[in-house]
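**Student:** the sequence and its predicted three-dimensional model are supplied below.
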Amino acid sequence: MSLGYADRLSHREDLGGRLGDPELSDAPHTALEKAYKLAELIRAASKVIVFTGAGISTACGIPDFRGPLGVWTCQRKGLPPPKLQTSFLYAKPSLTHQALLGLLQSGKLAYICSQNVDSLHLRSGVPRSQLAELHGNCFAERCKKCKKEYVRDFEMDTVGFKPTGRRCTDPDCRGQLIDHILDWEDALPDDEFKTTQRHASSADVALCLGTSLQIIPAANLPLRTVKAGGKLAIINLQATPKDKRAEVVIHAKVDEIMAVIMQQLQLPIPRFTRTDQLLLSHMYTAVNGSKNGSIKQGSEEQQQQEEELLQQPSQQQQTEQDAAAGQAEVTGGPASGAAAAEPAADTPSSPAVVQSASAEDVSQPNNNSSSTSSSWAFSFCISSIHGPACPLPMAASASVSFLGPAAAVLKSRDFSGQLPWRLSRTCPESLQDVQLQVTLQLVEEADADKRVQQVSYAIPKPAKPPAAKPATTRRASATLQADGSQVFSFVTQVVDYSDRQQELVQQLQAAAEQSRSTAHADATNAAAASGSQGGKRGGSKGRQRSGSQAGGVSGAAQNGDGSVSAGTSAGASAGTVQRSATRGGEEVYEESSSADEAEPTGIDGQNSSGRARKRSRRLEI
C-alpha cells in the first residue's frame, strides 16, 4: 500500500498478526489444475463474494504490508521502507481488479469487500453500491453531519476522520467534511460491515484474493459462507489461518490465476480507461477607467500582478469551495474506469461557480460608466471540478492562447503551480467575442500519447456591461456565479488486458507442461534408483537364502537389529512415487492406498507408509 498512507497513520509498535512469512509457490501444473477447479466452483455458483487485500495491488507497483518486504515487515525489522513504484494517485488497476469488474458485470459476483484504501476498485469501475471499503479510502471524504460521501481525484492529507477543510455542498446541510480513512484504533464502518455479513452468509463461494486473513473481525467474514454451506477459496502467496477451511488454496500470483479463471469462464476482462476532468469558466468584470472616461489599459506588469493575486485563494476559498463540479458527490471519482462507473450523484448540469479574490488582494476597479461603455473585460479560470483550491493531479501545466481577431489584441499566458489558474483581460469594444485555446501538459504518469490535451473555449461579448464590484475592506471573498463554464473531460490512461491475459495463461500452461514432465521424470528416476538399490540389498541376502528370493524382492531393507523387512516391488514403488510427485509438491509424502500394493512392515510393527501419512498430516496442520 502507499507509503504516504502508512506514514500518516499513528505510530504503533504492536502491528498485529504475523509479519514476513515466506512466500509459497505451487508447482505450475498444480496451480493450473487448482485454477481449473476454482473456475468450475465459480461457474456452478449462483452468488460469489470476493474479499481483497493488499496482494492484488502489488502488481500495480504498490507494496503490501505483511509480505517478506512489506511495509510493516520492514518497520518491525528496522529496515528502510519498500520502494514505491507508483503512488495511489497514478496507479492503474491490475488485471485482477478488472477481472472482478468483469465478474460483476456478468452477474456472477455480487459484492466485493476490500481492506485496501487505494481506491483502485472504484477507479476500475466497480459501483460503490457493490463495494465495502472496511479500512476507508484515501480519496474519500464524508460529511460529518449528513454522511454523504465525496470521492475525489486527489488524496486526503489526513487519516482518522479529521476535518479536510471543505464543506458539504448540500445547501440544507453545509456540514464539515472529514477524511474517510481509518487509523489503528478506529472502528470498522458498521453499515458496510453488516452488508458484507449479509452477502457472505448467502454466497455459494467466498473468494479471498491477496489477503493474509489474519486480522479479525474482517478475517472471519469469509467463514460465514462456509458456515452457511458454501465453499471458501483462497489465492495468496502466503499461508493463511483459514487455509484448512478452504476448498481450494492456491499459492500463486493472483493475476495469473484470475487470467486462467476468466478464460475458463469465457468472460472478457474489461478495458480500463481513466478519464480526468477540469472546469473552465469565465466571469465578466468591470473595466478600469480614467477620470475623463477614456479607456485605461493596465500595464502588462500590473496585469501580471493582478493575475498572481487572483491565484492566491483566501482562507474562505480553502474551506468553502462552491465550484460547480466540486459540489458533486462523485461515487466513482472523476478518474474512475469508464467501463462500469456509476454516474456522479449530484454533478450539476452547469457547474459555474467561481470564487473572486479577496478585497485586500485585488485593487477594485473604478466604477466609470463612460469607460465600461467602450470596452469589456473578463476573468477566465482553470480549476478542479472539486473546487478552485483543489489540485489537478494529472495536469502539470497549461497555456492559454487566443485565436482569430482576439490573438491580435490579447496576450497569451502560461500557467503552472498553485491552482486555480486565472487570466484577466480587457477587450476593445469592436471585439465581439473571444476564442481561446487551452493546451494542457499532463504528468509523465499519463500515457505517452495522451500527455498533451487541447480544448477550445468561447467568451462572447456581454450584452450589458457588468456593474463594478463594490469596494470592501473585509478579509473575505464573495462567491459569484460565473457567466459561463464548461467541464472538460479527457482520457489520460488506457489499458487493454486481453494481450496480458493471453500472455499469462500461455506462460502458466507452458510452465505447467514443463513441471509436469519434470515431475514425471523425477518420479521415474526415483523409482529406478529405489529398485536398483533394493536389488543390491536383496542380492546380498539372497546368497544366504535362495536365489529365487533374491530375484523376487526388489525393496528389501535391513533393520537396525540385523533383521530384514520385505519391501515393495519395483513396479509398485514406481507407481506410488509417480502419483505422489504428479499430484503436487505439498503431497510428496502421500502414498498409494491401493489394496494390491504391498506395504512393508518393520520389526516394530509400524509400516513405513503409516509414518509417511503421519508426516503428511503434520505438514498440513
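**Tutor:** Nice, I can see it.

**Student:** buried set for the helix or strand where residue 31 lies?
**Tutor:** Element membership of residue 31, judged by DSSP states H and E, is helix 28-44. The neighbour-count criterion (16 or more other C-beta atoms under 10 Å) identifies 28, 29, 30, 31, 32, 33, 34, 35, 38, 39, 41, 42 as the buried residues of helix 28-44. To be clear about C-beta, it is placed using only N, CA and C from the backbone, and glycine gets the same treatment.

**Student:** go on, stretch 249-256?
**Tutor:** If you call a residue buried by 16+ other C-beta under 10 Å, then stretch 249-256 has these buried ones: 249, 250, 251, 252, 253, 254, 255, 256.

**Student:** and which of the residues you listed is nearest to residue 135?
**Tutor:** Taking C-beta to C-beta as the measure, residue 135 lies nearest residue 254 of those, at 18.8 Å.

**Student:** for the closest one, grab phi and psi.
**Tutor:** Dihedral angles phi and psi of residue 254 (degrees, to the nearest 10) take the values phi -60, psi -40.

**Student:** and for residue 239?
**Tutor:** Dihedral pair for residue 239: phi -70, psi 150, per degrees, to the nearest 10.

**Student:** could you dump the lengthiest strand in the chain to CSV, C-alpha only?
**Tutor:** Using DSSP state E, we find that the single longest strand of the chain is strand 272-285. Written as CSV, here are the backbone C-alpha positions of strand 272-285 (Å, rounded to 0.1, in the frame of the first residue of the first chain):
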residue,chain,number,x,y,z
PHE,A,272,-9.5,0.2,-18.1
THR,A,273,-10.0,3.9,-19.2
ARG,A,274,-9.1,6.7,-16.8
THR,A,275,-10.9,9.9,-17.5
ASP,A,276,-10.0,13.1,-15.7
GLN,A,277,-11.9,16.4,-15.6
LEU,A,278,-11.3,20.1,-15.1
LEU,A,279,-13.5,23.1,-15.0
LEU,A,280,-13.2,26.0,-17.4
SER,A,281,-15.2,29.1,-16.5
HIS,A,282,-15.4,32.9,-17.1
MET,A,283,-16.9,35.9,-15.5
TYR,A,284,-17.4,39.4,-16.9
THR,A,285,-15.7,42.1,-14.9
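
**Student:** buried sites along that strand?
**Tutor:** Residues 272-285 are the ones in strand 272-285 that count as buried (16+ other C-beta under 10 Å).

**Student:** the longest helix seen in the chain packs against which elements?
**Tutor:** Once the chain is assigned using DSSP state H, the helix that runs over the most residues is helix 498-542. Taking 3 or more C-beta pairs under 8 Å, 6 or more residues apart in numbering; DSSP states H and E as contact, the helices and strands that helix 498-542 lies on are helix 28-44, helix 95-106, helix 254-264, helix 547-552, strand 557-558, helix 570-582.

**Student:** just the C-alphas of the first one, formatted as CSV.
**Tutor:** Think helix 28-44. Written as CSV, here are the backbone C-alpha positions of helix 28-44 (Å, rounded to 0.1, in the frame of the first residue of the first chain):
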residue,chain,number,x,y,z
PRO,A,28,2.9,-24.6,-12.1
HIS,A,29,0.9,-27.7,-13.1
THR,A,30,-0.6,-27.9,-9.6
ALA,A,31,-1.6,-24.2,-9.7
LEU,A,32,-3.1,-24.6,-13.1
GLU,A,33,-5.2,-27.6,-12.0
LYS,A,34,-6.4,-25.8,-9.0
ALA,A,35,-7.3,-22.8,-11.2
TYR,A,36,-9.4,-25.0,-13.3
LYS,A,37,-11.1,-26.4,-10.2
LEU,A,38,-11.8,-22.9,-8.9
ALA,A,39,-13.3,-21.8,-12.2
GLU,A,40,-15.7,-24.7,-12.0
LEU,A,41,-16.7,-23.7,-8.5
ILE,A,42,-17.4,-20.2,-9.7
ARG,A,43,-19.3,-21.5,-12.7
ALA,A,44,-21.6,-23.6,-10.6
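
**Student:** the helix or strand that it is followed by packs against which elements?
**Tutor:** Once helix 28-44 ends, the next helix or strand along the chain (criterion: DSSP H and E) is strand 48-52. Strand 48-52 sits against helix 95-106, strand 109-114, helix 190-201, strand 205-209, with contacts defined as 3+ C-beta pairs under 8 Å, 6+ apart.
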